[in-house]
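# attaching a predicted model along with its sequence, questions to come.
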Amino acid sequence: MSEYRIDEGMEVTLHFTLKLEDGTVVDSTLDKAPATFQVGDGNLPPGFEHPLKGLTDGDSGVFEVTPEHAFGQHNPQNVQRMKRDVFKDEAPEIGTVMSFADANGDELPGVISEIDDDMVEVDFNHPLAGRTLTFEVEVLDVKPATTH
């Protein structure tokens with residue numbers, strides 16, 4: 001048992017399962033290596049870190065995380081219509097995730113959400129935007145983060 005508890009500056013190793021409202025598993029580490037992150041490093045949205053504070057090795061919990069604390073609400077302004085000829089040879093299909101460059105040249109994933117004769121609608125919201133998620137965790141290790 002560790003004397004450390006999850007808080008700023010701690011390195012945490014845990015198993016987690018992330019589920020949608022209907023119980024569908026979106027992501028889980030149970031069948032692979034556990035996740036290790038440093039509290040506050042940006043790997044987990046704050047809404048996922050916050051309920052973990054104070055937990056230690058061997059603790060587990062189930063937390064409901066609202067969209068505001070997870071991946072945000074679905075924003076209609078993040079849905080864009082583009083001319084179909086932008087896609088050149090690639091025939092877009094609804095549900096396909098494609099990579100686009102934003103104004104800074106960074107890669108931005110978008111999901112094809114609608115196609116008509118000459119326009120394609122692309123949704124740049126996070127796929128989990130607007131969803132309330134269930135975050136199940138089993139804490140394996142908590143220790144001070146080593147700075148390199």
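Thanks, I have the structure now.
# contact partners for the residue nearest to T146 when sequence neighbours are not counted?
Leaving aside its sequence neighbours, T146 sits nearest to E11 (Cβ to Cβ, 6 or more residues apart in numbering; 7.4 Å). C-betas here are computed from N, CA, C, even on glycine. Applying Cβ atoms under 8 Å, 6 or more residues apart in numbering to E11 gives the contacts 36-39, 141-146.
# ok, now with 6 Å
38, 143, 145 (Cβ atoms under 6 Å, 6 or more residues apart in numbering).
# show me the helices in the chain, by range?
Assigned by DSSP state H, the helices in the chain fall at 46-49.
# low-confidence stretches in it?
Along the chain, segments meeting pLDDT under 70 span 1-2, 148.
# let's go with 90 and repeat that
Low-confidence segments of the chain (pLDDT under 90): 1-3, 40-47, 85-92, 99-109, 117, 127, 146-148.
# give me the most central residue, it.
F71 (6.4 Å; Cα atoms, centre = their mean).
# surely that one meets L128?
Yes - in this structure, F71 is within contact of L128 by Cβ atoms under 6 Å, at 4.4 Å.
# grab the nearest non-local neighbour of T134.
Closest residue in space to T134, ignoring its immediate chain neighbours: K19 at 4.3 Å, by Cβ to Cβ, 6+ apart.
# for A103, see how far away the one you found is.
To A103, K19 is 35 Å away according to Cβ to Cβ, to the nearest Å.
# repeat that for P51.
Distance, P51 to A103, using Cβ to Cβ: 35 Å.
# ok, those two, which is more surrounded?
Ranked by neighbour count (other Cβ atoms under 10 Å), P51 and A103 place P51 first, with 17 against 6.
# doesn't F63 make contact with the more buried one?
Yes - taking contacts as Cβ under 6 Å, P51 lies within contact range of F63: 4.1 Å.
# now a ChimeraX select for only the buried ones of the contacts of E11.
Buried members of these, defined by 16 or more other Cβ atoms under 10 Å, are picked up in ChimeraX with:
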select :38,145
